[in-house]
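Colleague: sequence and predicted structure are below.
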Amino acid sequence: MSHTETEIASQPETWRTAATLAEAEEFARQLPRPGERLAVVGCGTSWFIAQAYAVLRERAGHGETDAFAASELPLDRPYDRILALTRSGTTTEVLDLLRATRIPSVAITATPGTPVVKLAGRAISLDFADETSVVQTRYATTQLALLRAHLGEDLSQAIADAEEALAEPLPAELLDAAQFTFLGRGWTCGIAAEAALKMREACRAWTESYPAMEYRHGPISIAGPGRVTWMLGGEVPDGLPGEVERTGGHWRATTKDALAELITVQRLAVARAQAAGLDPDQPLHLTRSVILTE
């Protein structure tokens, strides 16, 4: 098995660990407090997790929450706190932001002792979910599991859904499809974007992602035979499945938690990579951390 496959399979257990940690006072007091105006930042996968968490935090009534790519945060906005998400702890844009701001910050990382730990006011290590593969799978989902549990969510159904997603065979129509469009609503828009990224990274698939209600506004023109429109959680827009099916395209939506459905996407990305003779642990042109030099 590749490192990526091993890491994908471990997610139910790492989510359980994260949910337990979220209940511990030492972790809870480091995370953003209800009522704080929060900016959540990250790059790549971490940015998409930030998007999902921002919606969930506002929905839970914890306060105004915005998500930004780390390079795009407006430094003059009056946030109470910045939450920086970075697996490696060395991502250039995240470090540059923390150096440039006086806003109190907390970082979540997989790697203790890295620069982000020194620059952030507080730092939480999820080293138990760190990964060998360049492609992020379990670290990203475990990070969001921690944040969801901190908001008071019960993750037991999501974990059960994850175990089911790991046990199910991958449908042939997904293994053979030529193109994928991932859709979400609310917090799952970020998960849809992450799903598209996973497929591009691991198996170089042609993927796109959109809020589900936006799909009719142009993107549906790409639907057709051999192409998949995949809804990752949230309320399915009325009539949309039929519209996709009339194009000859394949519509997919399940009742699983969106993080669990993301596991199916991760598994599919690995299977398609291996079928194409690619190494899912070492995607083209990518490294574990993007470190920019002048």
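Modeller: Sure, I can see it. Residues are numbered from 1 along each chain as shown.

Colleague: got a pLDDT number for His285?
Modeller: What the model reports as pLDDT for His285 is 63.

Colleague: revised request: answer the last question for Arg288.
Modeller: Reading off the confidence values, Arg288 has pLDDT 58.

Colleague: just the one 5 residues further on next, same as before
Modeller: Residue-level confidence at Thr293 comes out at 65, pLDDT.

Colleague: find the least confident helix or strand in the protein, judged by mean pLDDT.
Modeller: Least confident element among the helices and strands of the chain, by mean pLDDT, DSSP states H and E: helix 25-28 (a mean of 82).

Colleague: now do it: which elements does it pack against?
Modeller: helix 138-150 (3 or more C-beta pairs under 8 Å, 6 or more residues apart in numbering; DSSP states H and E). Where C-beta positions appear, they are placed from N, C-alpha and C, glycine not excepted.

Colleague: distance from the helix it packs on to the middle of the chain?
Modeller: 9 Å (C-alpha atoms, centre = their mean, to the nearest Å).

Colleague: sec struct for Ile103, please.
Modeller: Put simply, Ile103 is coil when judged by DSSP: H, G, I helix; E, B strand; the rest coil.

Colleague: might one say that it is in contact with Leu83?
Modeller: No - the pair Ile103 / Leu83 is not scored as a contact, 10.6 Å apart, by C-beta atoms under 8 Å.

Colleague: common neighbours of the two, please.
Modeller: Common contact partners of Ile103 and Leu83 (C-beta atoms under 8 Å, 6 or more residues apart in numbering): Ala39.

Colleague: neighbour-wise, which of the two wins?
Modeller: Leu83 (27 against 19; other C-beta atoms under 10 Å).

Colleague: surely that one is in contact with Pro32?
Modeller: Yes - at 5.9 Å, Leu83 counts as touching Pro32 under the criterion of C-beta under 8 Å.

Colleague: mutual contacts of those two, please.
Modeller: Joint contacts of Leu83 and Pro32 (C-beta under 8 Å, 6+ apart) are 38, 106.

Colleague: quick one, helices of the stretch 1-150 of the chain?
Modeller: Along the stretch 1-150 of the chain, the segments classed as helices by DSSP state H, counting those that start in this stretch run 3-9, 11-23, 25-28, 45-59, 92-100, 115-119, 138-150.

Colleague: so the longest helix along the chain versus helix 45-59, what angle?
Modeller: The residue-count maximum for a helix in the chain (DSSP state H) belongs to helix 258-275. In terms of direction (axes from the mean of the first three to the mean of the last three C-alpha atoms, to 10 degrees), helix 258-275 departs from helix 45-59 by 160 degrees.

Colleague: next, the buried residues of the least confident helix or strand of the chain.
Modeller: Within helix 25-28, the residues that qualify as buried are Phe27, counting by 16 or more other C-beta atoms under 10 Å.

Colleague: how far does it sit from its chain's centre?
Modeller: 23 Å.

Colleague: gap between the closest residue in space to Leu183 that isn't next to it in sequence and Thr6?
Modeller: Nearest residue to Leu183 in three dimensions, chain neighbours excluded: Ala212, at 4.1 Å (C-beta to C-beta, 6 or more residues apart in numbering). Distance, Ala212 to Thr6, using C-beta to C-beta, to the nearest Å: 32 Å.

Colleague: these two: who's more crowded?
Modeller: The neighbour count for Ala212 versus Thr6, taken as other C-beta under 10 Å, is higher for Ala212 (24 against 15).

Colleague: Arg57 against Arg33, yeah?
Modeller: No - counting by C-beta under 8 Å, Arg57 sits too far from Arg33 to count as a contact (11.0 Å).

Colleague: who's more crowded, these two?
Modeller: Shown here are Arg57 and Arg33; by other C-beta under 10 Å, Arg57 has more neighbours (25 against 13).

Colleague: could you report the pLDDT at that one?
Modeller: 98.

Colleague: now for it: which residues touch it?
Modeller: Applying C-beta under 8 Å, 6+ apart to Arg57 gives the contacts 32, 38, 63, 65, 147, 151.
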